[in-house]
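> turn this into a structure:
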Amino acid sequence: MNNNRGFSFVETILTVGILFLLFGTLLPFTNHMMVRLAEKKISLHIAITKNQAATSIMNGNVTGIVILDGIDYSWEWNSPTLCVNYEFIEESNESCEMY
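Model (predicted):
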């Protein structure tokens, strides 16, 4: 209860406990959303790289590198497969599609 001296110790502890509980449940959710956002961003960058690779292939190139947001996306055309290599969370990955 709020009186002339302010809130009681028990009320303060309960309020802090409830706040910790709320933020404790929201932090893992926020982290999961950030990872999903990063994965979607990588997928977009792969699509952009494949688009630029298609233009380069039409000009006769079979390999190349595209740098987006400081990440190197190297691509290689081995007819009929286009592969994009990149690093995500310190792990090397490859995305290949046949055309």
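
> need the contact list for the one residue sitting closest to the centre of the chain.
Centroid-nearest residue in the chain, with CA atoms, centre = their mean: A38, separated by 0.7 Å. Counting by CB atoms under 8 Å, 6 or more residues apart in numbering, A38 makes contact with F88, I89. C-beta here means a position set from N, CA and C on the backbone, and glycine is covered the same way.

> could you do I71 as well?
I42, H45, Y86, E87, F88.

> check it and give its pLDDT.
The model reports I71 with a pLDDT of 92.

> that one bridge partners, please.
Counting by DSSP bridges, I71 is bridged to L68.

> that one and F20: what is the separation?
Between I71 and F20 the computed distance is 36 Å (CB to CB, to the nearest Å).

> likewise for Y99?
53 Å.

> name the helix or strand for S92, please.
Assigned by DSSP states H and E, S92 belongs to strand 91-98.

> so for the host helix or strand of V16, mean pLDDT?
Using DSSP H and E, V16 maps to helix 9-58. When pLDDT is averaged along helix 9-58, the result is 94.

> tilt between that helix and strand 91-98?
50 degrees (axes from the mean of the first three to the mean of the last three CA atoms, to 10 degrees).

> re the thing from before, from I71, how far out is the residue nearest to the centre of the chain?
11 Å.

> please apply the same query to K40.
14 Å.

> same question, F7
For F7 relative to I71 (CB to CB), the value is 50 Å.

> go on, E94?
14 Å.

> what touches both of the two?
With CB under 8 Å, 6+ apart, E94 and I71 have common neighbours Y86.

> before we move on, back to that, roughly how far out does the strand holding S92 sit from the chain middle?
16 Å (CA atoms, centre = their mean, to the nearest Å).
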